[in-house]
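Asks: Requesting a structural model of the entry that follows:
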Amino acid sequence: MSDEIFKDKDSAFDRNLRPKKIDDFIGQDRIKKSLNIFLKATKERQEPLEHVLFHGPPGIGKTTLAHIIGGEMESTVKVTSGPAIERVADLAAILTSLEDRDVLFIDEIHRLNHHIEEILYPAMEEGKIDLVVGKGPSAQVLRLDLPNFTLIGATTKFASLSSPLRDRFGIIYRLNFYEESDIKKIIQRSAEILGIEINQKAINELACRSRFTPRIANRLLKRLRDFAQIENQNKIDEELAKNSLDTLEIDEYGLDDLDRKILGVILEKFSGGPVGINALASAIGEDRVTLEEVYEPYLMQLGFLERTPTGRKVSHKAIEHLKNNRLNF
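Replies: Next up is the predicted model:
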């Protein structure tokens with residue numbers, strides 16, 4: 001089996017920032033409350049948890065929650081992604097390598113090939129996998145029993161999942177952007193783990209520019225540590241945080257250069273919109289999927305971008321922000 005089938009995109013250093021227990025997970029309180037109940041009930045029955053699907057924007061904790069579920073169930077978590085499973089044989093190798101009560105986490109599950117996806121149906125419902133042995137008239141279907149396992153899927157494109165696959169998940173959660181108060185708590189926790197001294201005003205400054213996303217907050221915190229180190233400062237204060245984030249061209253809303261370029265191109269080249277996503281992607285020189293999955297959700301959350309039946313439009317709020325900050329795009 002290829003080493004590419006099982007992999008975790010995050011470095012070991014980044015994984016140290018992840019909470020290991022559900023009680024240590026900050027934010028997403030509604031999800032935590034019900035998931036905690038399901039985990040406790042399942043452990044009392046000594047059964048694997050039902051299959052779980054997490055969907056929502058990138059960087060908001062889907063992978064972290066998958067690892068927490070594995071930890072709470074005292075199970076081994078095997079990690080892969082939709083694009084890494086290229087052949088039916090790849091998925092068959094993964095499923096037959098599982099042991100009782102293992103957790104299989106498939107990131108970007110919406111990118112599974114349709115024929116590979118169909119192999120999952122009996123595996124999820126009946127705990128069995130059908131393999132075709134041989135070719136032509138002599139081909140036979142071999143049905144293998146699988147151990148009890150929990151499949152956890154994660155996707156940024158819930159609508160791209162087929163109905164048959166969605167319906168086979170017993171627990172489905174949408175993760176939303178975080179409250180700023182929760183982002184502040186996450187920054188404080190990460191700073192303590194990394195041994196970074198940071199005052200409350202600097203935390204506030206970092207939190208408001210972190211796009212309500214833990215992954216971005218942690219990434220920016222590590223960049224501020226770099227600035228502090230080069231400037232021989234033992235502590236990150238508000239001034240260093242502001243100056244460093246300005247140098248990184250991240251404004252008070254957390255917008256970066258490409259965010260502003262998206263808004264600016266719609267405003268200047270397309271008179272504020274509406275403009276189709278393909279035309280916008282071509283004008284910016286960026287991949288359509290990246291725009292839809294990474295940039296648009298946050299711009300829409302801020303109320304800077306509107307999706308209409310005829311295309312994307314820039315809001316008056318975004319226009320005022322660009323003008324007031326005299327930003328180049």
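
Asks: What number of residues are in the vicinity of the closest residue to residue 176 other than its chain neighbours?
Replies: Of all residues not flanking residue 176 in the chain, residue 56 sits nearest, at 6.4 Å (CB to CB, 6 or more residues apart in numbering). Just so you know, the C-beta spots here come from the backbone N, C-alpha and C atoms, and that holds for glycine as well. By the criterion of other CB atoms under 10 Å, residue 56 has 19 neighbours.

Asks: Could you list the low-confidence segments of the stretch 1-150 of the chain?
Replies: By pLDDT under 70, the weakly predicted segments of the stretch 1-150 of the chain are 1-15, 134, 136, 138.

Asks: And the helices in it, which stretches?
Replies: Per DSSP state H, counting those that start in this stretch, the stretch 1-150 of the chain carries helices over the ranges 12-15, 29-45, 62-72, 88-97, 114-126.

Asks: Let me see the residues that make contact with the second one.
Replies: Right, helix 29-45. Here helix 29-45 makes contact (CB atoms under 8 Å, 6 or more residues apart in numbering) with 22-23, 25, 48-50, 65, 69, 72-73, 171, 173, 175.

Asks: Next up, the contacts around the residue nearest in space to the middle of the chain.
Replies: Taking CA atoms, centre = their mean, the centroid of the chain lies closest to residue 58, which sits 3.0 Å from it. Taking CB under 8 Å, 6+ apart as the criterion, residue 58 is in contact with 156, 213, 215, 293-294.

Asks: Equivalent analysis for residue 153, please.
Replies: Contacts of residue 153 were listed using CB under 8 Å, 6+ apart, and they are 51-54, 105-106, 109, 169.

Asks: what about it, helix or strand, and which?
Replies: Secondary structure from DSSP states H and E places residue 153 in strand 149-155.

Asks: Next, the angle from that strand to helix 29-45.
Replies: 170 degrees (axes from the mean of the first three to the mean of the last three CA atoms, to 10 degrees).

Asks: Relative to strand 149-155, what are the paired strands and their orientations?
Replies: Using DSSP bridges, strand 149-155 pairs in its sheet with strand 52-55 (parallel), strand 102-107 (parallel).

Asks: hang on, isn't the residue nearest to residue 176 packed against residue 175?
Replies: Yes: the pair residue 56 and residue 175 qualifies as a contact (CB atoms under 8 Å) at a distance of 3.7 Å.

Asks: Which residues are in contact with each of the two?
Replies: Applying CB under 8 Å, 6+ apart, one finds that residue 56 and residue 175 are jointly contacted by residue 62.

Asks: coming back round to it: out of the contacts of helix 29-45, name the ones that lie in strands.
Replies: Using DSSP state E to define strands, the subset of those located there is 171, 173.

Asks: Looking at the contacts of helix 29-45, which one is closest to residue 263?
Replies: residue 175 (25.2 Å; CB to CB).

Asks: Spit out the contact partners of that closest one.
Replies: Residues in contact with residue 175 (CB under 8 Å, 6+ apart) are 28, 31, 54-57, 60-62, 65.

Asks: out of the residues you listed, who has the most neighbours?
Replies: Scoring the contacts of residue 175 on neighbours with other CB under 10 Å, the highest-scoring entry is residue 54 at 29 neighbours.

Asks: Now that residue: closest residue in space, sequence neighbours ignored.
Replies: For residue 54, the spatially nearest residue (CB to CB, 6+ apart) is residue 62, at 4.1 Å.

Asks: do the same with residue 244
Replies: Nearest non-adjacent residue to residue 244 (CB to CB, 6+ apart): residue 227, at 4.1 Å.

Asks: What strand or helix carries that neighbour?
Replies: Residue 227 belongs to helix 214-230, assigned by DSSP H and E.
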